[in-house]
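Visitor: got a predicted structure here, sequence first:
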Protein chains: 4
Amino acid sequence: MQVGLIGLGRMGRNMQDRMRNAGHEVVGFDADHTIADVDSLEDLVARLATPRTLWLMIPAGESTHAVIGQLSTLLQAGDLVIEGGNSRFTDDHAHATLLGARGIGYLDCGVSGGVWGLTEGYGLMVGGSAAEVEQAMPLFDALRPAGAREDGFVHTGDVGTGHYAKMVHNGIEYGLMQAYAEGYELLSAEPSIIDVPSVLRAWSRGTVVRSWLLDLLTEALKKDPQLENLSGYVDDSGEGRWTVEEAIAHAVPVPVIAAALFARFASRQPDSPAMKAVAALRQQFGGHQVRTIEAVKS
Amino acid sequence: MQVGLIGLGRMGRNMQDRMRNAGHEVVGFDADHTIADVDSLEDLVARLATPRTLWLMIPAGESTHAVIGQLSTLLQAGDLVIEGGNSRFTDDHAHATLLGARGIGYLDCGVSGGVWGLTEGYGLMVGGSAAEVEQAMPLFDALRPAGAREDGFVHTGDVGTGHYAKMVHNGIEYGLMQAYAEGYELLSAEPSIIDVPSVLRAWSRGTVVRSWLLDLLTEALKKDPQLENLSGYVDDSGEGRWTVEEAIAHAVPVPVIAAALFARFASRQPDSPAMKAVAALRQQFGGHQVRTIEAVKS
Amino acid sequence: MQVGLIGLGRMGRNMQDRMRNAGHEVVGFDADHTIADVDSLEDLVARLATPRTLWLMIPAGESTHAVIGQLSTLLQAGDLVIEGGNSRFTDDHAHATLLGARGIGYLDCGVSGGVWGLTEGYGLMVGGSAAEVEQAMPLFDALRPAGAREDGFVHTGDVGTGHYAKMVHNGIEYGLMQAYAEGYELLSAEPSIIDVPSVLRAWSRGTVVRSWLLDLLTEALKKDPQLENLSGYVDDSGEGRWTVEEAIAHAVPVPVIAAALFARFASRQPDSPAMKAVAALRQQFGGHQVRTIEAVKS
Amino acid sequence: MQVGLIGLGRMGRNMQDRMRNAGHEVVGFDADHTIADVDSLEDLVARLATPRTLWLMIPAGESTHAVIGQLSTLLQAGDLVIEGGNSRFTDDHAHATLLGARGIGYLDCGVSGGVWGLTEGYGLMVGGSAAEVEQAMPLFDALRPAGAREDGFVHTGDVGTGHYAKMVHNGIEYGLMQAYAEGYELLSAEPSIIDVPSVLRAWSRGTVVRSWLLDLLTEALKKDPQLENLSGYVDDSGEGRWTVEEAIAHAVPVPVIAAALFARFASRQPDSPAMKAVAALRQQFGGHQVRTIEAVKS
């Protein structure tokens, strides 16, 4: 089928390739016109036969709001917009309402798989009406991994639930990564363990902890066995925060996911104000020696 | 090669089968003589040609100490004992010293894979001398998963390191399980998600969180979609505790692994003394209504 | 000075007494007319000389919004509303805007001290304009503890900051309570400690952990040395959640406050869905025995 | 009464003063002879009338073991040794056995109060036999704060329980400090809060979070309102670790105390190996940009 793909970044380009490889006609648009098939959203819409299907793969938040705002005036009743970026699920409701007022359909699609999706396929979680999901199914089938549809695709519920499921997926991902990372650090701290990368590699098959993330860590350690070229500064991209916020809203205890999120926050602090306060307290009551800024710098 | 296998429980029996399937001669001993090939440790030792290889697969702690104590008097110089159970790594040093004083070799082997190891192979982490590891390699090759040896087997270092690596493996496992569990609970708490098991199943392929544990959770939810037949009472088997203790000894922060461990502790408390104290405090300062035991029971 | 006090619950009544004891004229209104001085908000407004000062001490959220909405039509320019309840700081901005449009002033006042405030005074954190703070200072001076004003009162900044500071105060409170509670539980679990309440009491003076909360815990244990009459079911009242949400918004790691919040969530779950999932996983990979619902019930 | 005090460091000297102020005869010994009354342990023992009372106030571990070893040969039946340092409670059992074999008594005394104990008195937790506790009561009465004995002194149980209670006290202390520190950091991160130190100071009276630690933090912020002269590098002195270890041994969940301990561990890491692993994973699956060491240095 024909689809207009908006956003040809790292993820978008790979998805374009995978859909084309499956025989779909993809018309790509990007702010960088040198990699796009059309020069404007207007051109893109004009190039597509009705009813049109548009797939967004751009940064969540302002960019996505702006493009959906424009599409609401360019598209017509019966067209369908699929938001494949990392929108917060609450944004999906606003998007769907805006477009729905003009008869334009809306699906939110959580997409997992990163740069490996091109070859391995993407895990897809889709929210919206059953009819619209059915309409776009050829695209989902092209993007998802080979094998049973149910193993890489799910219709999660109404609008917003696709991104909700993806949000929880990423929250879990934070926890998994931190669990491996803590184990890695502990093995690295124990001098009797000869070669940490070989231990992790030996967990690839047969063990209870085998996983794709573990394979990736093994891969990373092959190239840089002590991760000497990396800094332990870790960004977070929103979904981890939202997961904890939602857990709070539902009174669900999420100590592991929250701990993983806080570890990222802490990783970005050159010096921790909280720990300065703890140091100040120790100095006050115990006369404990503390490190002054000068001492640390010297 | 020939091996004496001590302990024919759930794990031992499967390992016996897998070694026999690979062509090894396994003489099995168990406290339950009806499933054993010999009636006593003495018989077992008598049945094996020298230099003998003995593999222990019995509960860690007292049982293992006792059997190794007996073996130290029954075996002779050149024989080799492999402790494949879940001993604490510190116990391995004692075992090796005891046996080493009589010229008997010792390897500690962390074994992962659970009931699936029979068909999929076991991940193996082995501590001890290179020569003794080499001597037992045919057994390790039989037990580990098919494929490259390095993907399912590692010689981790001197005696104790095999169980050390297995301990960390299990610590990570605690964190991974808790991460999936928290995500599962959050999805279950959100009414807009139609069918939680189908979401987890859709993560099986392509996604960043795909793993063997996730496959197992999907499998469990197939049989009992709301886990109605289970209680949230979760034992812990030692390795999680030891991992946190070792992390403390090495001053390694392990917030995720510790949180997973504490969640298990809490899961076993009918009522939390700590939370009673919090309730008592709220009642004291705020006149907050609290639940008395009677109210809860009624 | 004269003040109209709206809300004569546990907190409001005590504050009414403390202000009256200091010589202020308090006209009290409550939904329960039997304890009120006036029968309606209209009567209350009519009873006060202009410029009026109104103090709200009612449940945050809908009740507070509704009353402020009514006051915005009853009051006139130059009057002043002080929101002393537990409003979220974001609500204060809406309240101030609504009232400000009609020239009515607004202060948000975080009040700490619980049922003890009547005799010991209340800690006060106030947000709003300096002029309006000055205007209401006689009330603040009546309510705050005796001694230096700076030890029990602070003008925190613009509208919303009073409740922001109170929110953080309560977040800290959650952490403090949980810290004492964990220590209490550990002491209780150690059989060699003869009498836990006497240990806590002995910390009242001289120690690093002495505090008012500790005194309250000692008090509670005097009456019920093993807290036998309490259930470990603990509510949370919003501020702990908001603190964690704000910490997330500011990328501030708050592992202790979050852990205390999650402990409360968990305390209210008869059975944990997450721990069921962990139990299910253990059963899958290890054939570990798990507790079925039947086993637990029997 | 007469007492030999071994160890005249920051704590020991203050305690010497406080005991002397109460009329006791204190003979002080220290490795630094310039501040000591005697030149050797032998001299010290010779100077004391029998039955002697010796109070140790030296670093826990090797130093304490060594001195107690020496005392076991210098003292005689009926003498009494009080270990007032921060020994692990398990060490107390060894000490008591060693001395007890020669008829020498032993008490372990947890001492809290830091540098303020000289003027405010020390909170004391004492383990040992009732008779020996009674024998040393004049010293305890001199050291503890004025007021009811029960508010600053407790006989906790047999040998070891005094240090056990002190260990838990310090574990709680870790949690309390971290709770205040997290709140301090969050207030500092919120730009609308004008002056954080004044907020903390305003919590000194009337509020639920008022405590001695809060007073100390207020004091520290008076001198250095933004803690600019401190680094957030925080040592830990053993008790926090032991508390978590004991909690694990008793299967008591201590998420708050453990989080506070881990925050200290993390505060001392120039770069976190665990977070490097998380960064490596993100780079692998997402092509996420990470900070290389070079980028961070430049």
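Guide: Now that the structure is in, tell me what you want to look at.
Visitor: nearest spatial neighbour of the residue in the stretch 1-150 of chain A positioned nearest to chain C, skipping sequence neighbours?
Guide: Closest to chain C within the stretch 1-150 of chain A is A:R88: 13.1 Å, counting by CB to the nearest CB. The way it works is simple: take the backbone N, C-alpha and C, and place the C-beta from them, glycine included. Nearest residue to A:R88 in three dimensions, chain neighbours excluded: A:W242, at 5.8 Å (CB to CB, 6 or more residues apart in numbering or on different chains).
Visitor: from chain B, how far off is the one you found?
Guide: 11 Å (CB to the nearest CB, to the nearest Å).
Visitor: okay, and that residue sits in which element?
Guide: Using DSSP states H and E, the secondary-structure element containing A:W242 is helix A:239-249.
Visitor: and that helix, which residues are buried?
Guide: Neighbour counts over helix A:239-249 (16 or more other CB atoms under 10 Å in any protein chain shown) mark A:239-248 as buried.
Visitor: and the angle for that helix with helix C:239-249?
Guide: 170 degrees (axes from the mean of the first three to the mean of the last three CA atoms, to 10 degrees).
Visitor: thinking again about what came up before, what's the distance between the residue nearest to A:R88 and D:K166?
Guide: Relative to D:K166, A:W242 is positioned 43 Å away (criterion: CB to CB, to the nearest Å).
Visitor: so who does the residue lying closest to A:A36 once chain neighbours are set aside touch?
Guide: Once flanking residues are discounted, A:A36 sits nearest to A:D30: 4.4 Å by CB to CB, 6+ apart. Taking CB atoms under 8 Å, 6 or more residues apart in numbering or on different chains as the criterion, A:D30 is in contact with A:6-9, A:12, A:36.
Visitor: and what of A:E219?
Guide: D:Q284.
Visitor: assess the claim that A:S272 and A:A266 are in contact.
Guide: Yes - assessed by CB atoms under 8 Å, A:S272 is found in contact with A:A266 at 6.6 Å.
Visitor: in chain A, where is pLDDT below threshold?
Guide: Applying pLDDT under 70 to chain A flags residues A:288-290, A:292-298.
Visitor: can the longest strand along chain A be found next to chain B?
Guide: Criterion DSSP state E: the longest strand present in chain A is strand A:105-112. Yes - using CB under 8 Å from any CB of the partner chain, strand A:105-112 reaches chain B at A:S112.
Visitor: tell me the helices and strands packed up against the helix or strand following that strand.
Guide: Using DSSP H and E, the helix or strand that follows strand A:105-112 in sequence is helix A:117-120. Here helix A:117-120 touches helix A:10-21, going by 3 or more CB pairs under 8 Å, 6 or more residues apart in numbering or on different chains; DSSP states H and E.
Visitor: hang on, the earlier thing: more neighbours: A:S272 and A:A266, which one.
Guide: Neighbours were tallied for A:S272 and for A:A266 using other CB atoms under 10 Å in any protein chain shown; the higher tally belongs to A:A266 (26 against 23).
Visitor: what's the domain layout of chain A?
Guide: A:2-158, A:167-267, A:270-298 (automatic domain parsing).
Visitor: distance between the ends of the first one?
Guide: By that I understand domain A:2-158. This stretch, domain A:2-158, spans 24 Å end to end (CA to CA, to the nearest Å).
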